[in-house]
Structures are given as C-alpha cells and as structure tokens.
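K.L.:
let me see the structure of the following:
(one chain, ligands or ions: 2)
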Amino acid sequence: MMAIPFPLRSGHPMTDWPRLIRDTPDFPSPGVLFKDIMPVLADAEAFAAAIDALAAPWRDARLDAVLAIESRGFLLGAPLAQALGVGLVPLRKPGKLPGAVVEQRYALEYGEDRLQMQAGILPAGARVLLVDDVLATGGTLLAARTLAQRLGLDVVGAGVLLEIVALAGRARWGTDLPLRAACMV
Ligand SMILES: O=P(O)(O)OC[C@H]1O[C@H](OP(=O)(O)OP(=O)(O)O)[C@H](O)[C@@H]1O
Ligand SMILES: Nc1ncnc2[nH]cnc12
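P.N.:
Ligands and ions are numbered 1, 2, ... in the order given. All right, here's what the predicted structure looks like:
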C-alpha cells in the first residue's frame, strides 16, 4: 500500500497550517508555480484552523452572505459562511446557474474566464464578503467585486486563504475595500 504523505490529523498548532500548501511547478501551464491548498483541506486540524483564520477579520462585519468563487472558493466559502452564521451565494463559471444571471469576463494568471451570479438571489444593499482560495494577479477577485456591485450589493471586503505577493493582485484590488489574506507567500 502507498504511504500516506502527511498525517490526516496533523495536530499542527493553528499557525502551522500554511506549511501544508504545496508547490507544483509548471501547472497548469509552463512557467506557473501552482500553490496547491488541497493538503490543508485534507487535514482536519489544518482545515479548521484555516477557516478560523479566514473568518477572524469578519466576525463583527455584520455580513449577510459570503460570495464564493468557483471552484476552490466553494470549498472555503461554505464552511466560512457557517462559521460566520451567514448565507452562501456561489459565483459560477458560465452555464451552471439556472434563471437570470449577470456575467463578468476576466483574465487570470493562466488564462481567461467568466463568472456568473444569479440576479435577485440577494436583495440590493446586502452586505457581502467575497472569498477565494488564492489571490494571484487579482483578476478573478476584481471581476467578482464588479459583478456583485453591478447587482447592487454592498461589498464589505474580500478574504483569501493565500496571497501570492509577487503577482501583485493587491495593487489591482486597491485600497478602498479591505482584502484580508490568511497567509502570504
Ligand atoms: O488572482 P488571479 O490571477 O485571478 O487567480 C486566482 C484564481 O485562480 C484560481 O482559479 P481557477 O480559475 O484556476 O479555478 P478553480 O478554482 O476552479 O481551480 C484560484 O482559485 C483563483 O480563483
Ligand atoms: N499560482 C497559482 N497557484 C494556485 N492557484 C492559482 N490561481 C492563480 N494562480 C495560481
């Protein structure tokens, strides 16, 4: 049988969960150093600590909902919404959501894509937090923010598990709304 590469219950102290993020060079395309968060989710304590770290800045933010970005953002958005006691709304890739949708096109570190959100799923003025796993160039998060604002939502800020500082996504996000990263590389 294959050896398990890391403990499934690591017992890691809260601050150590970022050590489980693994680098994969040249994925999904040459020249990209891919930061793989899956080992964090596979470890019970690390996953719980990561969600705690994501939730901490927003506990008093009087949020109505978390807006989670497909697909790795869903894995964090659902437990985060539960931790904060608010609803969850998915921002999805095209063709997945029924009914009327609003769409935003964007570029990310390794390609182009589109995000859609259901029109009318939240009332205008609802206070929302955007969540994703990784901030790289910032294209995805910025598109999510534009989409939410086009629907009249009050974007309170954004939370990511990992910020890749060298790719300067924070500069694109700007300084008018808070962007909190649970860890940075
Ligand atoms: O800051 P950016 O340069 O925009 O990159 C960040 C985005 O890239 C990844 O998404 P991807 O489209 O690969 O989708 P996935 O979550 O479905 O893997 C990641 O989950 C972020 O959403
Ligand atoms: N380098 C990277 N690692 C993981 N997810 C990403 N999304 C965009 N760039 C990424």
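
K.L.:
show me what from the protein comes close to ligand 1.
P.N.:
Contact residues (Cβ under 6 Å from any ligand atom) of the chain with ligand 1: 69-72, 108-109, 113, 132-140, 169. (Glycine included, C-beta is placed from N, CA and C.)

K.L.:
and ligand 2, which of those residues reach it?
P.N.:
Okay, of the residues of the chain next to ligand 1 touching ligand 2 (Cβ under 6 Å from any ligand atom), that's 108-109, 134, 136.

K.L.:
from those, which land in helices?
P.N.:
Using DSSP state H, no member of these falls within helices.

K.L.:
contacting residues for the residue most central in space within the chain?
P.N.:
Compute the mean C-alpha point of the chain, and by Cα atoms, centre = their mean the closest residue is Asp132, 0.7 Å away. Shown in contact with Asp132 (Cβ atoms under 8 Å, 6 or more residues apart in numbering): 68-69, 72-73, 76, 140-141, 144, 158, 160-161.

K.L.:
and it, what element?
P.N.:
Per DSSP states H and E, Asp132 falls inside strand 127-135.

K.L.:
sheet partners, orientation included, of that strand?
P.N.:
If you go by DSSP bridges, strand 127-135 pairs up with strand 65-69 (parallel), strand 154-163 (parallel).

K.L.:
centre of the chain to the helix or strand that comes right after the first one, how far?
P.N.:
Sequence-wise, the next helix or strand beyond strand 65-69 is helix 72-84, with elements assigned using DSSP H and E. From the chain centre to the centre of helix 72-84 is a distance of 9 Å (Cα atoms, centre = their mean, to the nearest Å).
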